[in-house]
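S.K.: Generate a structure from the sequence data that follows.
(one chain, ligands or ions: 1)
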Amino acid sequence: MAVDLSTTIAGVKLPNLLLNASGVNCRFENELQQLVESKSGSLITKSATLNSREGNPEPRYAPLAGSIGSINSMGLPNQGYEYYLNYAKNFDYNNTAGKPLFISLAGLSLAENKTMCEAFRDANLPCVLEVNFSCPNVPGKPQVGYDMEAMEQALQVLDPIIGRPFGIKLPPYFDIAHFDQAAAIFNKFDNVVFVTCINSVGNGLAIDLDSETALIKPKDGFGGLGGLLVLPTALANVNAFYRRLKPGKQVIGCGGVTSGKEVFLHILAGASAVEIGTQLMEEGTGVFERVQKELVELMTAKGYKSVEEFRGKVKTL
Ligand code: RRO
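M.R.: Reported below is the predicted structural model:
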């Protein structure tokens, strides 16, 4: 019996529930094309700002010793939103793989987000917007996701502009009161139909023992952590929002996926789709085929034929 890995997000069907984490392999058209040609179920573009940005000085990404994860302080390098709008206009929405397109927006101010959302609204394309409230790496710009008032105000402005289902990329939260407050805000907005949990765990510091030097250059070595070491934080955030969001709202899991096992855990926690970041960076787009195969094997061994059978069904003691 075949295993069904398809899912629907924001009313759009994905042939399988895996996609890239925004930021990885998705800044340039050739990278996006590699994702189109991979076995991913969808793709999302690098978070866009109003104007193109070179980002922070290199080295600005490094894997951590022992394959436990990564640190980055890219600083939002992107081609400017018009590049991704143009990509979205030319995207083949009838591609044979049936992959939909997600577009990530990360304005440096509410005014930037407003302009970009208006442009995408006016273009009236079948792509799905994900507004990134959680970039940890722009010097002098605190994350909107950690300022509940600012986040609610931003949604009050952006929700009516977008005017149809969209999602938000969230930072990890570490306090139950913050899960409660954030979920209560999202539940006020009918167009917010998914949250993506989690962006990188902000402002870690990785140091090389031999050279006694920070691994990355920007911000005195401080950067966002991703990969296996953030898995329990990611699962907690997925599950916290899965439990709190109104019916009809979904969670996309992101963080700590290196194999089919972690995808399975994200689904158990409540994820409707799962993104791969650090492992995609390290392995390339072949990761989607491998992880999918591992997930199918695991589901088959456990007797599951579709992800709905175990989504959100994590048992507690
Ligand atoms: O570009 C980045 O430095 C970056 C962004 Br916008 C983000 O959302 N998450 C991250 O880890 N890095």
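
S.K.: near the ligand, which residues of the chain?
M.R.: 23, 47, 72-76, 106, 132, 134-137, 199-200, 224 (C-beta under 6 Å from any ligand atom). Heads up, the C-betas are built off the backbone N, CA and C, glycines and all.

S.K.: Need the max-distance pair from those residues.
M.R.: With distances taken as C-beta to C-beta, the most widely separated pair in the residues of the chain next to the ligand is 73 and 132, at 15.4 Å.

S.K.: those helices in the stretch 51-200 of the chain, which residues are they?
M.R.: 81-90, 110-123, 148-162, 176-186 (DSSP state H, counting those that start in this stretch).

S.K.: Tabulate these (TSV), appending mean neighbour count and mean pLDDT.
M.R.: Formatted as TSV, the helices of the stretch 51-200 of the chain follow (neighbours: other C-beta atoms under 10 Å; pLDDT from 0 to 100):
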stretch	mean neighbour count	mean pLDDT
helix 81-90	17	98
helix 110-123	17	98
helix 148-162	17	97
helix 176-186	16	98
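
S.K.: Nearest to residue 310, out of these?
M.R.: helix 176-186 (22.3 Å).

S.K.: quick one, the closest one and helix 148-162 angle?
M.R.: Relative orientation of helix 176-186 versus helix 148-162 (axes from the mean of the first three to the mean of the last three C-alpha atoms, to 10 degrees): 20 degrees.

S.K.: Identify the residues contacting helix 176-186?
M.R.: 145, 148, 151-152, 155, 168, 170, 173, 192, 195, 237, 240-241, 244-245, 249 (C-beta atoms under 8 Å, 6 or more residues apart in numbering).

S.K.: of those, buried ones?
M.R.: 145, 151-152, 155, 168, 170, 173, 192, 195, 237, 240-241, 244-245, 249 (16 or more other C-beta atoms under 10 Å).

S.K.: Mind checking which of these are in strands?
M.R.: The strands, defined by DSSP state E, take in 168, 170, 192, 195 from these.

S.K.: need the contact list for residue 243.
M.R.: Going by C-beta under 8 Å, 6+ apart, residue 243 touches residue 270.

S.K.: Which per-residue confidence value corresponds to it?
M.R.: pLDDT recorded at residue 243 is 99.

S.K.: Please report the distance of it from the ligand.
M.R.: 24 Å (C-beta to the nearest ligand atom, to the nearest Å).

S.K.: ok, and the closest non-adjacent residue to residue 11?
M.R.: Distances taken as C-beta to C-beta, 6 or more residues apart in numbering place residue 165 nearest to residue 11, at 5.8 Å, with adjacent residues excluded.
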